[in-house]
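> with the input below, show me the fold.
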Amino acid sequence: MADTCDLLCLDLPKAELIRAEQLALTEAERAANAAQALGDPTRLNIAAALGQTDELCGCDLSWITGRSQKLVSHHLKVLRQAGLVEARRDGRIVHFSLTEAGAALLAAVLASQEARV
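Modelled structure (predicted):
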């Protein structure tokens, strides 16, 4: 089956309504960046670990994921920039936790995976 129509069959009222309500470019870029941030297996594992508790430090996340602290730090930066993770410094230790948006996106990604099994 081809992914294109064989003839022009535009439902103009429906298409115009949806077109008028589509995401603004900046909103779409922000959402796409968040989705891409969880598109890496290491970042997904980090987020999943954070989703199981209130917060973890980078050392904990390094141990849990079996990755170097430097690599985990890089992935945490990406997750923070995407607005999925927030950091809290306590002296010389930095604790990380999921934001509400991060928890919601993680739940959606994991639910879609469970639905396939």
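
> tell me the gap between the worst-scoring helix or strand of the chain on mean pLDDT and the middle of its chain.
In the chain, the helix or strand scored least confidently by mean pLDDT, DSSP states H and E is helix 100-116, which has a mean of 86. When distances are taken as Cα atoms, centre = their mean, to the nearest Å, helix 100-116 is centred 9 Å away from the chain's centroid.

> show me what that helix is packed up against.
helix 25-37, helix 41-50 (3 or more Cβ pairs under 8 Å, 6 or more residues apart in numbering; DSSP states H and E). Bear in mind the C-beta positions are built from the backbone N, C-alpha and C, glycine included.

> same thing but at 7 Å, please
In this structure, helix 100-116 packs against helix 41-50, with contacts taken as 3 or more Cβ pairs under 7 Å, 6 or more residues apart in numbering; DSSP states H and E.

> what residues does the very next helix or strand once past the helix it packs on touch?
Taking DSSP states H and E as the definition, the helix or strand that follows helix 41-50 towards the C-terminus is strand 56-57. The set of residues external to strand 56-57 that reach it, using Cβ atoms under 7 Å, 6 or more residues apart in numbering, is 49, 50, 93, 94, 95, 96.

> kind regards, and thank you for your time.
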